[in-house]
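Colleague: task: produce atomic coordinates for the following.
(one chain, ligands or ions: 1)
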Amino acid sequence: MSLPGAEERHAAEIAYWNGPAGERWVSRQETQDALLAPAGEALLARAAVRSGKCVLDIGCGWGGMSIELARRVSPGGRVLGLDVSAPMLARAHELQPPGLPLEFVRADATVYPFAAGGADLLFSRFGVMFFGEPVRAFANMRTGLRRGGRVVFACWRELAANPWLMLPLEEAYRHVPRLPEAGPEDPGAFSFAAPQRVRGILERAGFVAIDLEPVALSLDLATGRGLESAVATAVSIGPAARALEGQPAPVRSAATAAIRAALARHKAHESVPLDGSIWIVTAVNP
Ligand SMILES: C[S@@+](CC[C@H](N)C(=O)[O-])C[C@H]1O[C@@H](n2cnc3c(N)ncnc32)[C@H](O)[C@@H]1O
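Modeller: Residues are numbered from 1 along each chain as shown. You can find the predicted model right below:
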């Protein structure tokens, strides 16, 4: 059996975000927005966008960040939110407030014909780790940036630096088989965890002044709604959810009980705060 090539891996990611997983993400939109708010705030602070600027939000999902960016670039600026997922973009259109300078487009960032040199900022919160050919994708996205335009995006550091995902996974592994180890070039949530890989991708795509800043976060798995909410999140997203997928009901419920017991040890009032860690990556189009 031959290993899947970059194109097949890329197609699998696009199918993933357009299939039941995309629907599941959308069903959790409000919770996800609350959970990931600290990452969004840190990223928006680094992006420091002002009125009049033109921003590309890559892998924008349901556009929570795009909407916030569009408020900040008004008046005079504009935001293009680009995503490959039909369910995510359907929700983006529902959430889009009238009157903002914001447009959503369904497209693959690897090949989308960006208006040449039109944008001041290439922005993304966790939307650029899923490309089968990341150098090609970033080189293509660079065509949309003006000379001197900036890149600011967030990606996850390694799993071990993210106990909010690691803890549920370790508990799940007491009951279910381990997930296949991802290859170093495989797209996925942790594919940009290694700084030297990210630097190499951006350099080869033609960017300069590349910097990765580690940012520590406290993420409330319960989003202020108690232990059961934290458990629901832990089994719905991230690697624990992938490990539990397709497992028989008794196995799932044993794993869920183990996750519940572990999370209960971190409960503080109605919150379950756990550490997370991201890179905020910045670069410049020369
Ligand atoms: C983890 S979600 C992040 C969504 C959003 N940025 C947020 O922070 O809520 C990753 C997004 O990247 C999108 N995506 C994956 N591959 C893509 C591609 N090749 N081109 C454009 N978007 C892509 C997915 O459809 C998904 O909406």
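Colleague: all strands for this structure, in order.
Modeller: 54-58, 78-83, 102-106, 119-125, 145-156, 208-220, 273-284 (DSSP state E).
Colleague: among these, which is nearest Ala90?
Modeller: strand 102-106 (9.6 Å; Cβ to Cβ). In this view, the C-beta of every residue, glycine as well, is placed from N, C-alpha and C.
Colleague: what residues does the closest one touch?
Modeller: The contact list for strand 102-106 (Cβ atoms under 8 Å, 6 or more residues apart in numbering) reads 60, 63, 66-67, 70, 78-86, 89, 92-93, 96, 112.
Colleague: give me the buried subset of those residues.
Modeller: 60, 63, 66-67, 70, 78-85, 89, 92, 96, 112 (16 or more other Cβ atoms under 10 Å).
Colleague: for the residue in the stretch 151-286 of the chain that the ligand sits nearest to, which non-adjacent residue is closest in space?
Modeller: Residue nearest to the ligand within the stretch 151-286 of the chain (Cβ to the nearest ligand atom): Ala189, separated by 7.1 Å. Closest residue in space to Ala189, ignoring its immediate chain neighbours: Trp156 at 5.6 Å, by Cβ to Cβ, 6 or more residues apart in numbering.
Colleague: give the contact list for that neighbour.
Modeller: Counting by Cβ under 8 Å, 6+ apart, Trp156 has contacts Phe126, Met129, Asn162, Ala189, Phe190, Phe192, Ala193, Gly276, Ser277, Ile278, Trp279.
Colleague: and which of those residues is nearest to Ala205?
Modeller: Phe192 (13.1 Å).
Colleague: hmm, who's touching stretch 194-207?
Modeller: Contacts for stretch 194-207 (Cβ under 8 Å, 6+ apart): 134-135, 137-139, 141-142, 151, 155, 158, 184, 191-192, 210, 212, 279, 281, 283-286.
Colleague: what about 6 Å?
Modeller: Pro134, Val135, Phe138, Ala139, Arg142, Phe192, Ile210, Leu212, Val281, Ala283 (Cβ atoms under 6 Å, 6 or more residues apart in numbering).
Colleague: hang on, the earlier thing: ok, the residue of the stretch 151-286 of the chain closest to the ligand to Pro214 distance?
Modeller: When Cβ to Cβ, to the nearest Å is the yardstick, Ala189 and Pro214 sit 17 Å from each other.
Colleague: what's the longest helix in the chain?
Modeller: Ranked by residue count, the top helix of the chain under DSSP state H comes out as helix 249-264.
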